[in-house]
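Q: Dropping the sequence and predicted coords here.
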Amino acid sequence: MPQANIQQLCVTAKENLKTAISRIEAFLNQTTLPQLTEGQDEEAVLFYRRFLSDLRQLLVFCEVCEEKLGIVLRRGTFDPESAEKTLYHVYHDCVNRFFYPKHESYSEDGRYAYTGQDAIRFRKKPVRAVRDVILDVTKLFEELRDDLTYYESNYLTELRMRQPK
């Protein structure tokens, strides 16, 4: 991939991650488990506990990748290999973590992706704030996924082919 394309992907990915971080962080700073679970049963408490755990973990990975992209972009000379490695991590650590959360409190239903409806389906009906934060950042992660699909498998294949035998 040409160096200019890789550099532009880094800029776009950094901007998307920065926006996602700010939205997720705002939600986590304003929301507590007791607020979400007031008057709920044990199953709901477990759902929200796991949801918040997944969201905190996603936030950390997004912050790390956003910082790495900043370092790649600030260097005096742009290093395409380092940039591709970082973009690979953005795809696997952030995009995959968003669409496949560890505790599966929500998932993407591909049948809705092309109908204009929300493709995210929650395992349990969440409160409005939870639904809103996920649907708010979904578009950002969809864009990242579309831009970085190449790094799902081709990047590793290319690395293996570069290594001397």
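A: Arrived safely.
Q: rest of the way, CA atoms for contacts and neighbours
A: Noted.
Q: Helices of the chain, residue ranges please.
A: Shown for the chain, the helices assigned by DSSP state H span residues 3-30, 33-37, 42-74, 80-89, 96-99, 128-148, 154-162.
Q: residue ranges with poor pLDDT in this protein?
A: Within the chain, the segments meeting pLDDT under 70 span 1, 110-117, 153-165.
Q: one more time with 90, if that's ok
A: For the chain, applying pLDDT under 90 flags the ranges 1-5, 37-41, 76, 107-124, 149-165.
Q: before we move on, the earlier item: quick one, which of the helices of the chain gets closest to F122.
A: Closest approach to F122 among the helices of the chain (Cα to Cα): helix 128-148, 8.3 Å.
Q: In the closest one, which of the residues would be classed as buried?
A: V130, V133, I134, V137, T138, L140, F141, L144, R145, L148 (16 or more other Cα atoms under 10 Å).
Q: From those, pick the one nearest E25.
A: Top of the list for closeness to E25, among those and by Cα to Cα, is V133 at 10.0 Å.
Q: What sits closest to R97 if chain neighbours are left out?
A: Take R97 and drop its neighbours on the chain: the residue closest to it by Cα to Cα, 6 or more residues apart in numbering is L58, 6.3 Å away.
Q: What distance do you get for the one you found to E104?
A: 13 Å (Cα to Cα, to the nearest Å).
Q: The two: which has the busier surroundings?
A: Taking neighbours as other Cα atoms under 10 Å, L58 and E104 compare with L58 leading, 21 against 14.
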